[in-house]
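> have a look at this prediction, sequence included:
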Amino acid sequence: MLPAAADDAISGPAGPITIDHCSIDKASAVENPRVGLCTSFVNGIAIGYTNEREAAATEIHFSVRYAGKTFTFVDRGTFAAHAKVEREFTKFSAVYSGSPVDCRVVSASFAAGSRWDA
């Protein structure tokens, strides 16, 4: 896995979920007849985040922009108050471009029934 570059954006308005890190997972170079020999691929996004609320979060929606495309990922479960969570979303594939990755939380739902939207 490649660490997020210094200029990779972890941004968005202050909210109940804080993104601690966001990075791409670059697969080994493989032969791809459509793109060329030894093309590297991104085969996942790793996101570390913290639930800053006093209530358990149950669903978090992320927007990830990479190589000119925007992807949406959803993490469902029970994430305790102030819990630090590490996730890798692997249902994602793109040609590695070396461009920065931008991760944002767009919404979060909580066990008590409340919801936050960016």
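Noted; the coordinates are in hand.
> what's the first helix or strand after the helix or strand hosting G48?
In this assignment (DSSP states H and E), G48 forms part of strand 41-51. Downstream of strand 41-51, the first helix or strand assigned by DSSP H and E is strand 57-66.
> which residues touch that next one?
The contact list for strand 57-66 (CB atoms under 8 Å, 6 or more residues apart in numbering) reads 16-17, 22, 24, 42, 45, 47, 49, 51, 70-79, 89, 92, 94, 97, 99, 101-111. No exception for glycine: its C-beta is placed from N, CA and C like everyone else's.
> which of these are buried?
Neighbour-count burial (16 or more other CB atoms under 10 Å) is assigned, among those, to 16-17, 22, 24, 42, 45, 47, 49, 51, 71, 73, 75, 79, 89, 92, 94, 101-110.
> tell me which of these fall in strands.
17, 22, 24, 42, 45, 47, 49, 51, 71, 73, 75, 79, 89, 94, 101-110 (DSSP state E).
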